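Enquirer: Can you look at this prediction? I've put the sequence above it.
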Amino acid sequence: MLIDYLPILTLFLVAMFIAVFVIVLSRYLGPQRPNRRKLMPYESGMEPIGPAQRRFPIKFNLVAMLFILFDIEIIFLFPYALVYRQLGIPGLAAMGVFFVVLVIGLIYEWRRGALRWE
């Protein structure tokens with residue numbers, strides 16, 4: 001049964017090899033002439049004023065983590081939607097528990113104020 005996944009593994013390894021090969025090839029064959037102007041951040045053709053990197057508020061990180069968390073949970077619901085008729089009542093119970101945990105997490109974050117933008 002594991003042999004059925006061999007074409008996928010082969011495709012993955014070939015893709016990784018090609019990606020690494022192209023990066024290494026461009027590194028060695030491309031011109032390397034760094035100077036002060038090339039190493040400066042691009043600011044629409046204008047001279048940069050102040051530091052090029054700014055600190056973002058932690059609120060952005062929290063929203064990004066919540067998005068990734070709930071996005072991954074929704075991804076787990078898609079396969080269930082395809083086979084819910086074949087799974088029957090045990091599958092419905094398992095997805096029900098999963099969905100309840102998802103809703104409880106959403107309510108927790110909502111009451112905690114993580115979704116309030118100020």
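Expert: Thanks, I have the structure now.
Enquirer: From residue 84, how far out is residue 105?
Expert: Going from residue 105 to residue 84 by CB to CB, to the nearest Å gives 22 Å. C-beta coordinates here come from the backbone N, C-alpha and C atoms, glycine included.
Enquirer: actually residue 7, not the one I typed
Expert: Residue 7 sits 29 Å away from residue 84, taking CB to CB as the criterion.
Enquirer: Could you do residue 36 as well?
Expert: Applying CB to CB, the value for residue 36 to residue 84 is 61 Å.
Enquirer: any idea how far whatever helix or strand residue 101 lives in is from the chain center?
Expert: Take DSSP states H and E as the rule and residue 101 turns out to sit in helix 58-112. Its chain's average C-alpha position is 16 Å from that of helix 58-112, according to CA atoms, centre = their mean, to the nearest Å.
Enquirer: re earlier: residue 36 and residue 84 - which one has more neighbours?
Expert: residue 84 (13 against 6; other CB atoms under 10 Å).
Enquirer: from memory that one sits against residue 94, does it?
Expert: No: the criterion here is CB atoms under 8 Å, and residue 84 misses it with residue 94 at 10.6 Å.
Enquirer: Lowest mean pLDDT among the helices and strands, pick that one out for the chain.
Expert: helix 58-112 (a mean of 87; mean pLDDT, DSSP states H and E).
Enquirer: what residue lies at the spatial centre of the chain?
Expert: When CA atoms, centre = their mean is applied to the chain, the residue found nearest the centroid is residue 68 (6.7 Å).
Enquirer: Could you check how far that residue is from residue 59?
Expert: 15 Å.
Enquirer: again with residue 21
Expert: Counting by CB to CB, the gap from residue 21 to residue 59 is 41 Å.
Enquirer: Same check on residue 35?
Expert: Distance from residue 35 to residue 59, by CB to CB: 38 Å.
Enquirer: Same drill for those two, tell me which one is more crowded.
Expert: A count of neighbours by other CB under 10 Å puts residue 59 above the other of residue 35 and residue 59, at 12 against 7.
Enquirer: contacting residues around that one?
Expert: residue 117 (CB atoms under 8 Å, 6 or more residues apart in numbering).
Enquirer: Same check on the one 10 residues further on?
Expert: Residue 69 makes contact with residue 105, according to CB under 8 Å, 6+ apart.
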